[in-house]
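K.L.:
Pasting the sequence and the predicted model now:
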Amino acid sequence: IEERALNFLEEIIEEDISNGKNNGRVQTRFPPEPNGYLHIGHAKSICLNFGIAQKYNGKTNLRFDDTNPSTEETEYVDSIREDIHWLGFEWDKELYSSDYFDQLYDFAVTLIKNGLAYVDDSTAEEIAAAKGTPTEPGTPTPYRDRSIDENLHLFSDMKDGKYPDGAKVLRAKIDLESPNMHLRDPLMYRIKHAHHHRTGNKWCVYPMYDFAHGQSDAIEEITHSICTLEFIPHRPLYEWFINKLNVFPSKQYEFARLNMNFTVMSKRKLLQLVNEKYVSGWDDPRMPTISGLRRRGYTPLSIRNFCERIGVAKRENLIDLSLLEFCIREDLNKTALRRMVVMDPVKLVITNYPQGQSEIMHGENNPEAENGGGSREIPFSSEIWIEREDFMEDAPKKFFRLGPGLMVRLKNAYIVKCENFIKDENGRISEIHCTYIPESKSGSDTSGIHVKGTIHWVSVQHAKTAEIRLYDRLFQVEDPSNEDGDFKEYINPDSLSVIKNAFIEPDLVHARPVLGYQFIRKGYFTMDIDSTPDNLVFNRTVTLKDAWAK
Ligand code: ATP
Ligand code: MG
Ligand code: MG
């Protein structure tokens, strides 16, 4: 990756290091809530947290932020671990906020003992009403001045399951008149009688994000706690808890979250797409999830390069999906194996080629690789499939493919000239008749004939078939979350089209899902995980930038 200016976080860290802060130690964390699969926005945060630690000899913890028992599942934990590894990162420690439940409870007791937290019996609505508005101060509820002893008892009873959900909460006692709403006696604990994926039924009180997150950072001695811009107004509260508890002074820094057009990036919305069957699952190749992108044929390098290219901003913006596509093309152009596939076939008969005879042609695996990446064998015979769109009955002047009297090169094979064609009863071209120039074979062409166009083909007799899934953007509008009504109204009805019986060159039966292929002139593809030897399935990762450039 080319040299670039430091981003603002790196500037902060370099300054901290030169000031000897934390003895130059850099410790970050990536803190996913295991309530869904990771998406490309998380990849941004992963690249940032792990990338910064790598750059400054630091470490990154993977911390599952699992303080909300009702939405969290082990399946999500497993997928998150897999996706981070796949992206190419190794965490130092694997930790869970739920491991700190005892410690967090003790922290809360400490605050109560210092007169800095109280049990409130008000309902959620009463608490919200008493908080005031940004322009009007809040007012105390009748429970704010409970004695320390009473608060200690009540909090202990909350923990022991003596109250139903919602009956009481623990609040920090800060400032009901603060201009920052987050400081108006925020909730620290709520009662929730729910099974937790790790602690089972041990707890029925659970800490709120603002109390759990910063204290978890402090417990792990995180030096730079990087989060997204929405947390700027939470920062004074983050620091208040750390100060009052006198724990390790982790510092919070905020950057702009990644937003991308033509998709949605909230786990809640992605979950709706899955549950309501708009997509086949979290790893549907149209999803912006890491697992969806992987299945679609994206490589870890392309995603890391994308995250590097978009940089680290302090203001919200909407990144163009085409930048992500640029990054995967850039990578696959260097690595993808070139193969020939005909998706909308019409038969071409070479009338002067011996019937029933065939020969083996050789095609480079990848002209961008050293020595062409080796070559594969491609059988050729007198009858081949070509794309219907590569023939025109009334070809305009600049049409450098086939039409009556026109010549074209068959990729890795001969030059052919169209002599004739046949139509079926519906007026559709059903067969194209050509002659070939025997001296024009690729690699040993002595014909002296120059043609402008090259087209791909597959021998009829040797062709295998495959299902090809072509994907388009999942939404019809740039920013579906900012449109009127439900975001799902803006789903692109044509985001998936399936070609059932494409003709593929025989070498493709050896394809493997992890490899990228360029179907010449058609785009980049990868084998789908649904593929079986009897029913090969390929996903289009991305189109070629310019279908006619090659
Ligand atoms: P979502 O809103 O999609 O549900 P989240 O923030 O609730 O995401 P978490 O599991 O809490 O999801 O996220 C883990 C980390 O990833 C957090 O530090 C969060 O700031 C970061 N993150 C989440 N979404 C993005 C994004 N779009 N761009 C950059 N970072 C993100
Ligand atoms: Mg979150
Ligand atoms: Mg969320």
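P.N.:
Thanks, I have the structure now. Ligands and ions are numbered 1, 2, ... in the order given.
K.L.:
Next, the residue in the chain positioned nearest to ligand 1: secondary structure please.
P.N.:
With CB to the nearest ligand atom as the measure, residue 41 is the residue of the chain nearest to ligand 1, at 2.2 Å. For the C-beta atoms, the positions are set from N, CA and C on the backbone; glycine is no exception. Secondary structure, DSSP: H, G, I helix; E, B strand; the rest coil: residue 41 is helix.
K.L.:
For the nearest residue to it once chain neighbours are set aside, give me its contacts.
P.N.:
Spatial nearest neighbour of residue 41, excluding adjacent residues (CB to CB, 6 or more residues apart in numbering): residue 258 at 4.4 Å. The contact partners of residue 258, by CB atoms under 8 Å, 6 or more residues apart in numbering, come to 40-41, 44, 265, 307, 310, 319.
K.L.:
Where do the domain boundaries of the chain fall?
P.N.:
Annotated domains of the chain cover 8-255, 344-362+375-456 [automatic domain parsing].
K.L.:
Near ligand 1, which residues of this protein are found?
P.N.:
Counting by CB under 6 Å from any ligand atom, the residues of the chain close to ligand 1 are 31-33, 41-42, 44-45, 65, 227-228, 257-258, 265-267.
K.L.:
re the thing from before, Serialize the domains of the chain to TSV and add fields for mean pLDDT.
P.N.:
Formatted as TSV, these follow (pLDDT from 0 to 100):
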stretch	mean pLDDT
domain 8-255	97
domain 344-362+375-456	97
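K.L.:
In a markdown table, list the ones you listed along with mean neighbour count and distance to residue 332.
P.N.:
Converted to a markdown table, the domains of the chain look like this (neighbours: other CB atoms under 10 Å; distance: least, CB to CB, whole Å):
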| stretch | mean neighbour count | distance to residue 332 |
| --- | --- | --- |
| domain 8-255 | 18 | 17 |
| domain 344-362+375-456 | 16 | 17 |
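K.L.:
in the stretch 51-200 of the chain, which spans are strands?
P.N.:
Applying DSSP state E, counting those that start in this stretch to the stretch 51-200 of the chain gives strands spanning 59-64, 94-96, 117-120, 169-172, 187-191.
K.L.:
Make TSV out of the ones you listed and add distance to residue 26.
P.N.:
Formatted as TSV, the strands of the stretch 51-200 of the chain follow (distance: least, CB to CB, whole Å):
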stretch	distance to residue 26
strand 59-64	8
strand 94-96	17
strand 117-120	32
strand 169-172	30
strand 187-191	29
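K.L.:
Quick check: which of those strands is nearest to residue 416?
P.N.:
strand 59-64 (58.1 Å; CB to CB).
K.L.:
ok, the closest one: who's next to it in the sheet?
P.N.:
strand 27-30 (parallel), strand 94-96 (parallel) (DSSP bridges).
K.L.:
Test for you: state the pLDDT assigned to residue 548.
P.N.:
Listed pLDDT for residue 548 reads 37.
K.L.:
should've said residue 1
P.N.:
pLDDT, residue 1: 51.
K.L.:
For residue 377, give me its contacts.
P.N.:
360-362, 507.
K.L.:
Name the nearest of these relative to residue 119.
P.N.:
Nearest to residue 119 among these, with distances taken as CB to CB, is residue 507, at 70.7 Å.
K.L.:
How is that closest one assigned, secondary-structure-wise?
P.N.:
Taking three-state DSSP, the label given to residue 507 is helix.
K.L.:
In this structure it contacts residue 339, no?
P.N.:
Yes - with contacts counted by CB atoms under 8 Å, residue 507 reaches residue 339, the gap being 6.6 Å.
K.L.:
Show me the common contact partners of the two, please.
P.N.:
What both residue 507 and residue 339 touch, as defined by CB under 8 Å, 6+ apart, is the set residue 376.
K.L.:
Show me which of the two is the more surrounded one.
P.N.:
Per other CB atoms under 10 Å, whichever of residue 507 and residue 339 has more neighbours is residue 339, with 23 against 17.
K.L.:
Okay, and the beta partners of the more buried one?
P.N.:
residue 519.
K.L.:
quick one: contacts for it?
P.N.:
376, 504-505, 507-508, 517-520.
K.L.:
Kindly recompute the last result at 7 Å.
P.N.:
Residues near residue 339 by CB atoms under 7 Å, 6 or more residues apart in numbering: 505, 507-508, 517, 519-520.
K.L.:
Could you pick out the buried ones from those residues?
P.N.:
505, 507-508, 517, 519-520 (16 or more other CB atoms under 10 Å).
K.L.:
Out of these, flag the one nearest to residue 123.
P.N.:
residue 517 (59.6 Å).
K.L.:
Run a quick check on the closest one versus residue 340, I expect a contact.
P.N.:
No - using CB atoms under 7 Å, residue 517 is not in contact with residue 340; the gap is 10.4 Å.
K.L.:
What ranges does the stretch 351-500 of the chain have for its strands?
P.N.:
Going by DSSP E, counting those that start in this stretch, the stretch 351-500 of the chain shows strands at 358-364, 375-381, 383-387, 407-410, 415-423, 429-436, 454-455, 458-459, 464-471, 496-504.
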